[in-house]
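Colleague: got a predicted structure plus its sequence, pasted below:
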Amino acid sequence: MARFGSALHRKPAKKRMLIIVNPYATTVSDRLRNLVVYALQGRFDVEAVSTEAQNHATEIGREARDGGYDVVVAFGGDGTLNEVVNGLAGTDLPVAILPGGSANVVCRTLGIPNDVVDATEHLLSLVDDWRPRKIDLGKVDERHFVFACGVGIDATVVRRVDEHPKLKAKAGPYYYSWAGVSGFYRKYLLNATRVRVETDVGEPVEGVTAIVQNSDPFTYFASRPIRVCEGIAIDDGTLSIAVLKRAAQRDMPTLISRLLGGSRTVAGHRQVEHFDDVMAATVTTVSEEKDGSPRPFPLQVDGDYIGDRTKIELRAEPGALTIVA
């Protein structure tokens, strides 16, 4: 009887947690990592591993599928989360997020505190009410994305920012602004690469930039949400796409005012074509190099530049990711 009674009062086993840490993320340090792990050990059986190279988090995520974990935590920026997601998409193994980047778009979209200490406390509070749920993902070719991908001006900005990580960490959204203005005048005002966007919900359209969103907002400028597409949520099973039809200086003041939260929306701008409830789409270059070959366009996924392409295929993947948030 004594043995039976002691079994009734035995504490439940701690959930096994794997934390994938990007030590190069904007706000991550060894001291902060150790503090977070120490705090989480009170309620979880914690294992932490640091990434060592690009796409390493994806490899770790794939290995975690068969590791007996109850949750995998992405500790870094949106790029770190994207890599983890690409290792765990389509499984029932939940992903949680601790913010360590400059924007932390997905964290804020899901209602997770943007401060890592507060986010750690939030994660600890979920143990007694453990409710993993499904959210959607987008996919561009073979790469999943959580909140957005883009070609054109925004991808040019991301590429330039990624080339200067110290300035990105120091100046934050203001460096993005500078990169956007300089990239527009250097790359797009005089010789923009044009693309053709075809979707399953409307007529094809040509433009110089295409923004594809799986959630709202598109990003943040400090604490201000930046909205481009409309009618999109992270669990509605579709994508939304906004296409900027031309690169002209006279359009920029009205576009910028709408981006920064004016009374009018970006999707309603006369030079923007908007598609809602998209399940599949393609983006193809229509510009040519001097030798007649297709001119490539830059591509960014969840805020990381991943290369130049001449054509991409997009699709929505409803309920493809399990999360705890």
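Modeller: Now that the structure is in, tell me what you want to look at. Numbering: from 1, shown residues only.
Colleague: C-alpha from now on. contacts and neighbour counts both.
Modeller: Fine.
Colleague: what about the residue lying closest to Ala155 once chain neighbours are set aside, which helix or strand?
Modeller: Sequence neighbours aside, Gln300 is the residue nearest to Ala155 in space, at 4.9 Å (criterion: C-alpha to C-alpha, 6 or more residues apart in numbering). If you go by DSSP states H and E, Gln300 is part of strand 297-301.
Colleague: how distant is that strand from the center of its chain?
Modeller: Remark: strand 297-301 is offset 13 Å from the chain centroid, using C-alpha atoms, centre = their mean, to the nearest Å.
Colleague: contacts for it?
Modeller: 145, 148-152, 154-156, 158-159, 193, 285, 305-310 (C-alpha atoms under 8 Å, 6 or more residues apart in numbering).
Colleague: what about these, which are in helices?
Modeller: Assigned to helices by DSSP state H, the following of these qualify: Asp154, Ala155, Thr156, Val158, Arg159.
Colleague: tell me the one among these nearest to Trp130.
Modeller: Val158 (35.8 Å; C-alpha to C-alpha).
Colleague: so who does that closest one touch?
Modeller: By C-alpha under 8 Å, 6+ apart, the contact set of Val158 is Tyr176, Gln300, Gly303, Asp304, Tyr305.
Colleague: please list only the buried members of the contacts of strand 297-301.
Modeller: Neighbour counting with 16 or more other C-alpha atoms under 10 Å marks 145, 148-152, 154-156, 158-159, 193, 285, 305, 309-310 as buried within the contacts of strand 297-301.
Colleague: spatially, which two of those residues are the most separated?
Modeller: Checking those with C-alpha to C-alpha, the most distant pair is Phe145 and Thr193, at 23.3 Å.
Colleague: burial count for Asp66?
Modeller: 9 (other C-alpha atoms under 10 Å).
Colleague: that one: helix or strand, and which one exactly?
Modeller: Under the criterion DSSP H and E, no helix or strand holds Asp66.
Colleague: against Leu18, how distant is it?
Modeller: 12 Å (C-alpha to C-alpha, to the nearest Å).
Colleague: what does Ile241 give?
Modeller: Per C-alpha to C-alpha, Ile241 is found 35 Å from Leu18.
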